[in-house]
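**Student:** What follows is a predicted structure for the sequence shown.
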Amino acid sequence: MAYEDLRDWIAALDRAGELKKVRAEVDPILEVAEIADRVSKGKSHAGSVGGSALLFQNLRGHPGAQLLINQFGSARRMNMALEVDALDEVAERIRGFMDVKSPQGFLDKVKMLPMLAEMGKFFPKTVSTGPCKEVIERDKVSLTQFPVLQCWPKDAGRFITLPCVVTRDPKTGKRNVGMYRMQIYDEQTTGMHWQRQKVAAEHYRERMRATQEAASARVDVMARSSGGSVLVEGERPSGKMEVAVAIGTDPAITFSAIVPAPPDVEEYLIAGFLRQKPVELVKCETVDLEVPASSEIVLEGHVHLDELRTEGPFGDHTGFYSLEDLYPVFHVSCITHRKNPIYSTTIVGKPPMEDGWMGKAVERIFLPLMKLTIPEIVDINLPLEGVFHNLMIVSIKKSYPGQARKVMNAVWSLGQAMFTKCIIVVDEDVNVQDVGDVTLKALNHIDPERDIQFTLGPVDSLDHASRLPNFGSKMGIDATRKWPSEGFGRPWPDEILMDAKTKALVDKKWKELGLE
């Protein structure tokens, strides 16, 4: 059965021996982060990489508060979070739905009924109230009541790092749940670090466009404001955009906030699919949005269309500080929470860390969707050291000349994959999960001038090396075997492999050789 809430999930971690409770006093300023960093790079009692989940129960300046961190920080806990033995089980379920063909007759329609019934149970449902309404604060709301972390010494302050940020598309009315860090400025305001290409940022721009009647005026306001990233001179679009933030949700909802879902697919539906049970939602008190009823903490408020403020620097998953920049400001109008809420958070930095396991889960689960668009793909690997957007290794079934370059451009056209700085394409006989094998084969197979191509386009906001913020170059490497039809006329050598007969002979003799 799906975890009912964060507390149910914590209890499951405890039963599985995956949770350490820290009762010694610890400061949420830097100290919690240093402890979590060491644990995330270590091993659990069972020897698995990633250490244990941590529940801090004695936080300096916050008597009675509890803080959960590193909940997703190992392969085992990521599987537990999605209630599977292996992430490929989720991928297989996705493939099952994608393989459904249009019914050709009455019997086909009857056969589809069970699957349609199963799909129906994934849709979220609204309930009248929930645990997140146990305490409702409208007057003199304060964010300082929660043990929000400062993670690194040069961070601009405390940051909420694991929020489920809910916005609504002004055109379609569809909700989006994204995860964007939030720098706390004071008791009632935070930064809202939705990067330029993220869905919430597009909702913000749609609100800006809606203030202009003529298409030319909409084009003009986007150009003058660089897509809402700078304050325009002269007349500015005015108005507000409603936002809600859920902190401390069950693991499927938290994970769904980071997945690269198509804009038309609500993350609440994805969470329902992952947990095999609908997400129960409640309406907010002061904004027209719905949040998970079992959330530990809910922040309600809005951002102004004519207000930006410096946000950052922030120690990021690249291993470097992301630089300060202008972002919208979130004004909190109401806070609701459970009694004695548990604050859920994370820390990012040099891998391996908790977010790396979440990223690998995204890689495995959404490979079928990637194959739907690029069917020649066999497998992909986003190495942890490439911090998701710096390196993608792709193996393909090559069928025609130039196909590797076609795949590169197709990857750069896929949602958040547009940020991939380097793509290496190899043949299907290369194990992309074995970086040693990839290194050997790729470096042997390429002629750099011939096989490397560059292109310009959007890059991740965290890329400090790009020529401009959010815009720069990307590189693709065609490390597949070259064909005569691609202009390669030389012989291609065979790979060194021992013959099967000799290998079998040595296998039989291995024990008597006494080499172990």
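**Tutor:** Yes, it's here.

**Student:** For the stretch 351-500 of the chain, which segments count as strands?
**Tutor:** 377-381, 391-396, 422-427, 452-458, 471-478 (DSSP state E, counting those that start in this stretch).

**Student:** Which one of those strands lies nearest to residue 194?
**Tutor:** Set against residue 194 and scored by C-beta to C-beta, those come closest in strand 452-458, at 14.6 Å. Where you see a C-beta, it was placed from the backbone N, CA and C, and this is true even at glycine.

**Student:** Pull the residues that contact that closest one.
**Tutor:** Strand 452-458 has contacts (C-beta atoms under 8 Å, 6 or more residues apart in numbering) with 196-197, 405, 408-409, 412, 418-419, 446, 470-478.

**Student:** Please repeat the previous calculation with a cut-off of 10 Å.
**Tutor:** Residues outside strand 452-458 that contact it (C-beta atoms under 10 Å, 6 or more residues apart in numbering): 195-197, 404-405, 408-409, 412-413, 418-419, 422-423, 446, 466-467, 470-479.

**Student:** which ones are touching residue 132?
**Tutor:** Residue 132 touches 5, 246-249, 282, 284, 291-298, 336-338, 341, counting by C-beta under 10 Å, 6+ apart.

**Student:** how would you label residue 269: helix, strand or coil?
**Tutor:** Following DSSP: H, G, I helix; E, B strand; the rest coil, residue 269 is assigned to helix.

**Student:** pretty sure it is in contact with residue 125, am I right?
**Tutor:** No: assessed by C-beta atoms under 10 Å, residue 269 is found out of contact with residue 125, at 11.4 Å.

**Student:** Those two: who's more crowded?
**Tutor:** Set residue 269 next to residue 125 and count neighbours by other C-beta atoms under 10 Å: residue 269 wins out with 18 against 12.

**Student:** For the more buried one, give its distance to residue 122.
**Tutor:** Separation of residue 269 from residue 122 (C-beta to C-beta, to the nearest Å): 6 Å.

**Student:** Same check on residue 316?
**Tutor:** According to C-beta to C-beta, residue 316 stands 33 Å off from residue 122.

**Student:** Who has more neighbours out of those two?
**Tutor:** Of the pair residue 316 and residue 122, residue 316 is the one with more neighbours under other C-beta under 10 Å, namely 23 against 18.

**Student:** Check the more buried one and give its pLDDT.
**Tutor:** Note for residue 316: predicted pLDDT of 91.

**Student:** hang on, the earlier thing: report the set of residues contacting both of residue 269 and residue 122.
**Tutor:** 278, 279.

**Student:** before we move on, the earlier item: overlap of the contact sets of residue 269 and residue 125?
**Tutor:** Common neighbours of residue 269 and residue 125, using C-beta under 10 Å, 6+ apart, are 278, 279.

**Student:** which residues in the stretch 201-350 of the chain form helices?
**Tutor:** 215-224, 251-256, 267-275 (DSSP state H, counting those that start in this stretch).

**Student:** Which among these is found nearest to residue 240?
**Tutor:** Smallest distance to residue 240 across the helices of the stretch 201-350 of the chain (C-beta to C-beta): 16.6 Å, for helix 215-224.

**Student:** Buried residues, the closest one. List them.
**Tutor:** 218, 221, 222 (16 or more other C-beta atoms under 10 Å).

**Student:** That's all I had, so thanks and see you.
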